[in-house]
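[1] Give me a 3D structure for the following:
(2 chains)
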Amino acid sequence: MQMRQDGIDNEAARGGTRRGVAATIDRSDPTFVEGEKERSLSSGPPACWLRILYNWRDETRLGSRTLISTDPDVCTKKGVMLLVLIALLATVSYLTGCGGAGSGSYSEGSGQQRATRTADSTEQKAERTNFYEHYKRFYAAIEDRRGLGILLEAKENMAKSIRTSYLALLKVQSGLVLLVATLLTRSSCRLAAFRRNTGTRSGWWSSACPGRCSSCSRL
Amino acid sequence: MSGQVFLLFTTLILLYLDLRGSVLIISSVFLATNLEFAVLTILLGHQYHGYGFLASSIISMVTAFILLAERFKKLEYLTFMRQPL
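    Okay, the predicted model is just below:
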């Protein structure tokens, strides 16, 4: 740690902030080349905390010295990814919000449930997607020794709420699966391009990449 | 991933209805198929890693759906019959 700090100080004394960033590169690394270091530092904005990560996408060589933060497209890529994540969060919030509305009505429904247990069974409320309410009604009817018709009605309401919940779950899961499939396809293209360029043996990503993506066309 | 979520959801509903035997059957099916497919996919190679879990999730999910539908049809009968005399 002390040696690393000394390196940063020496570099900063020689050439300012950007050279100080280069001092974080391990000089004991056998693949370290002084000229490459200078080339990678000659362009791009000043590196921030991302400087310890090497850009394996745009310079797909092992031991690459180009830093992610010096990539001019990094802001654009981050923006696109942020938009995708915001869209995902909005979708999940919307879909779970529908279910939350049903759950939120439970406290109101529990108060009415006490009333319906003393009143006539025809005063039951309209159909809801709250499973637990119908579940409690079913077992309350058993405890109160009510008729089979009421039991069957409560059971039917339970079945309907389960079906509604399955449908909501299916919507959320479908969205998630589509998003993950999209992201994995993009990652597989990057991995395939990386593996092709580095000459390492192929894997599942090679078959997943059609060879026409932006990562492949750059090479 | 979705298969496992549906499996967990169905298991939760079965546990709500106090059908522990059905949950035991489903969990046993999941354990057995997961072990079997894991060994199979390891033998087949790294291209197939993960597919075993997916297949066992789907099989267990189908089993859970069938058990839930079958138990739910006669829920009141099961509820009364399980009461101590």
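[2] Report the residue spans of chain B with pLDDT below the cut-off.
    Within chain B, the stretches with pLDDT under 70 are B:1, B:85.
[3] from it, which residue is nearest to chain A?
    B:S2 (4.1 Å; CB to the nearest CB). C-beta coordinates here come from the backbone N, C-alpha and C atoms, glycine included.
[4] That residue contacts A:V177, doesn't it?
    Yes. The pair B:S2 / A:V177 is scored as a contact, 5.8 Å apart, by CB atoms under 8 Å.
[5] So is the helix or strand hosting B:L40 next to chain A?
    According to DSSP states H and E, B:L40 maps onto helix B:20-44. No. Helix B:20-44 lies out of reach of chain A by CB under 8 Å from any CB of the partner chain, never closer than 12.4 Å.
[6] if we can go back for a sec, pick out whichever of B:S2 and A:V177 has more residues nearby.
    B:S2 (18 against 12; other CB atoms under 10 Å in any protein chain shown).
[7] can you list the residues that contact the helix holding B:L40?
    Helix B:20-44 is contacted by residues B:7, B:10-11, B:14-15, B:48-53, B:55-57, B:59-60, B:63-64, B:67-68, B:71 when judged by CB atoms under 8 Å, 6 or more residues apart in numbering or on different chains.
[8] Tell me the buried residues within these.
    Listed as buried from the contacts of helix B:20-44 are B:7, B:10-11, B:14, B:52-53, B:55-57, B:59-60, B:63-64, B:67-68, B:71; burial here means 16 or more other CB atoms under 10 Å in any protein chain shown.
[9] Pull the most distant pair out of the residues you listed.
    Of all pairs drawn from the buried ones among the contacts of helix B:20-44, the widest gap by CB to CB lies between B:G52 and B:R71 and measures 28.0 Å.
[10] still on that earlier bit, among the contacts of helix B:20-44, which are in helices?
    B:7, B:10-11, B:14-15, B:51-53, B:55-57, B:59-60, B:63-64, B:67-68, B:71 (DSSP state H).
[11] Now do the contacts for the nearest residue in space to A:F138 that is not next to it in sequence.
    Distance criterion CB to CB, 6 or more residues apart in numbering or on different chains; nearest residue to A:F138, sequence neighbours excluded, is A:A154 at 3.9 Å. A:A154 makes contact with A:134, A:137-138, A:141 under the criterion CB under 8 Å, 6+ apart.
[12] Recalculate using a threshold of 10 Å.
    By CB atoms under 10 Å, 6 or more residues apart in numbering or on different chains, A:A154 lies in contact with A:121, A:124, A:133-142, A:146, B:75-76.
[13] just B:F6 next, same as before
    Applying CB under 10 Å, 6+ apart, the residues contacting B:F6 are A:166, A:169-170, A:173, B:57-58, B:60-62, B:64-65.
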